[in-house]
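J.: coordinates only, sequence not included:
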């Protein structure tokens, strides 16, 4: 019996090759898109799940009295929490910038390596990295200890045993390799390649140093809120409490927010309590992929119904010969399931082709048959196929099995109005999806165009950002480096800044500046004299920096418009601010510059204080050297800078980028979303058009005799078009009316991610609605014109 069913299935597929091909390919495209996003979702949700011990690890962050959030915490905080909290097994502090490329040297081998951090001796008591060589119990016990990954060991030492060998860091101090770790099998929010003990650890150990992340590991698993309350009480008692009569609970009841909070390590990447997360983008992608798969399944169902007319007599004959409705139902469900399996096989092939492009776009390494394969993923794919088969096949199988035997054998295939509501619902749903995608494409394109042409307030054209690896280059030798760069033809100005415009990892920390006895949260940026002229930032009032002693010794400051508004300053000159806990060193505000955007349009422009030097209680370094180029041969100037850099930082390759490229990188995730929405949208619209075309062909084909009689009675093409198309156009209009509020809501939610965004104008949605109506009218019109021009005699002839 099963063998016969398979024969029938393959014969029917072969008889309707055109319909079957469109059917299966449409579903395969939807499945491919969904499987890619399913793989990506599994990858993202696997962050920090590579060891069961990570269930007990938490990151500690701080909220200050002004409700500002800081991931950076004080150097002694980890030790305080471990000492005062019995539930904590170990606590560690680490340096914050895992992405920064640190220069490393071992003999003649010199590399710049990201994933390098400094930590205290308890790091491996908190994080359960597997040590494959060396000291597994106390790898960071020595004050100059260093633990490296197998990857770094191979890069620096080849096949030699690295244990006991030394590595020079920042070309200034040496560390001894005490252990080698194996990279974890899953992704981590801390992509660590190397951990070392800093020689400056003791000097930096004070409550004024906020340069560390703090992590704790508890002895037994506890809910996050319990851990948070426990350590927050200790922090309140030890660091916050000023009024000894006010208990912790009374302090919280008063509405004060200052204190500690924690994130479970496995939630940091996807569900942090504060800060950015990739889950918003991922949720959008999953929604789009699900909509596309749903559109493909609905299209499959519609096409199956459209191609079923020729099988009506087969059903009638089988019923006469004794087949029950149930047996016919399962036969047709089996055929549809087989087509879904073929679609899945094709989608696997398409997946193999598409994954490299997706991996390149999203900087991941997804592979369905590699290390990422799991039974959980296989179960998800099986459930997905099962759901698609049910969604695609239930109605067509039910529709085919319920044909009336007597009617179909007489040539009457009409099913009356039964099933009409479901069929119309499918059409509406399919075009709701299509209209939703058209709205999405329009909104995303307009917002991206707005972002690309937004006035950032400065000129990044032909400005080169050079990432100096050595502090000596940025600080003590900066004037010397600047003069050497200015000798290169085409270099017109040189400056430096601790916050580089367009830098993906720009410092967004703020601090409490004092002004007239009040505290104001402002950002602090260290620059050089020519910074504003190099970026062509407009001066509103006062003056730029000069070579005066006051300017060069952090006794003068320039602020932006937002800071001036926050401080209540109308003009520069005669007004003073001071760094936190440093009121004895007043800094005069000598200039106010126009606001300029350095972080992208997702964030509001921060109030900022710009100063030169580190002579006023606050040391800041990092950032980059900015070189303004001008001339007919920019590449020649860049080549000369590359050559000069070999003598400035010998042994370390130059790292540079143009500021305009930096901002383009900030747009990268949005550009990816734009391309994906365009692809999904175009595919969904094409599937909807094919589905509508097939269904109108089917339904109009059932009325050929009626149409022929009407033509004989004098009906013209326009009258027939109105008669045959009005029901479809009504359904499309309903779909548009449903899609418009959904599209407005989704667009408004997405635009909330941007501090600077386009307005949602009515004409944008009107354009999307018109586009859907035009597409639908064109699709329906083809079939109407075709049937209205058919031969009347052929249509009225009986078999």
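T.: Alright, I've got the coordinates. What you are looking at is a predicted structure, and each value in this text was computed from that prediction instead of being measured.

J.: need the contact list for the closest residue in space to residue 219 that isn't next to it in sequence.
T.: Closest residue to residue 219 apart from its sequence neighbours, by C-beta to C-beta, 6 or more residues apart in numbering: residue 89 at 4.6 Å. C-beta: built from backbone N, CA, C; applies to glycine. By C-beta atoms under 8 Å, 6 or more residues apart in numbering, the residues touching residue 89 are 56, 125, 217-219.

J.: Just give the nearest non-adjacent residue to residue 731, would you?
T.: Residue 731's closest residue in space is residue 427 (C-beta to C-beta, 6+ apart), at 5.0 Å.

J.: Now do that neighbour against residue 533, distance only.
T.: Between residue 427 and residue 533 the computed distance is 63 Å (C-beta to C-beta, to the nearest Å).

J.: out of those two, which sits in the more crowded spot?
T.: The neighbour count for residue 427 versus residue 533, taken as other C-beta atoms under 10 Å, is higher for residue 427 (24 against 15).

J.: any idea how far the nearest residue to residue 428 once chain neighbours are set aside is from residue 776?
T.: For residue 428, ignoring the flanking residues on the chain, the nearest one in space by C-beta to C-beta, 6+ apart is residue 735 at 4.6 Å. Separation of residue 735 from residue 776 (C-beta to C-beta): 9 Å.

J.: anything in contact with each of the two?
T.: Taking C-beta under 8 Å, 6+ apart as the criterion, residue 735 and residue 776 both touch residue 431.

J.: tell me the domain boundaries of this protein?
T.: 1-47+270-415, 54-229+262-268, 435-453+667-799, 468-654 (automatic domain parsing).

J.: Now render those domains as TSV, adding distance to residue 459 and mean pLDDT.
T.: Formatted as TSV, the domains of the chain follow (distance: least, C-beta to C-beta, whole Å; pLDDT from 0 to 100):
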stretch	distance to residue 459	mean pLDDT
domain 1-47+270-415	28	73
domain 54-229+262-268	27	90
domain 435-453+667-799	14	79
domain 468-654	4	87
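
J.: Adding distance to residue 236, write those domains out as a markdown table.
T.: Listed next are the domains of the chain as a markdown table, based on distance: least, C-beta to C-beta, whole Å:
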| stretch | distance to residue 236 |
| --- | --- |
| domain 1-47+270-415 | 18 |
| domain 54-229+262-268 | 10 |
| domain 435-453+667-799 | 33 |
| domain 468-654 | 19 |
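
J.: The residue nearest to residue 428: neighbour count?
T.: Number of residues near residue 735 (other C-beta under 10 Å) recorded here: 25.

J.: ok, now which ones touch it?
T.: 427-432, 434-435, 772.

J.: mind running it again at 10 Å?
T.: By C-beta atoms under 10 Å, 6 or more residues apart in numbering, the contact list for residue 735 reads 427-436, 688, 769, 772-773, 776.

J.: Residue 193 contacts residue 129, doesn't it?
T.: No. Between residue 193 and residue 129 there is no contact under C-beta atoms under 10 Å: 11.1 Å.

J.: which residues are in contact with both of those two?
T.: With C-beta under 10 Å, 6+ apart as the test, residue 193 and residue 129 both reach 147, 149, 181, 183.

J.: Show me what counts as buried in stretch 643-662.
T.: Neighbour counts over stretch 643-662 (16 or more other C-beta atoms under 10 Å) mark 644-645, 648-649, 652, 654, 656-659, 662 as buried.

J.: Straight-line length of that stretch, end to end?
T.: Stretch 643-662 has its terminal residues 23 Å apart, counting by C-alpha to C-alpha, to the nearest Å.

J.: Please, where are all the helices along the stretch 301-450 of the chain?
T.: Secondary structure of the stretch 301-450 of the chain (DSSP state H, counting those that start in this stretch): helices at 312-320, 325-362, 375-401, 405-409, 420-452.

J.: from the ones you listed, which stretch is densest packed?
T.: Most buried of those, by mean neighbour count (mean count of other C-beta atoms under 10 Å): helix 420-452, with a mean of 21.

J.: Fine by me, thanks again.
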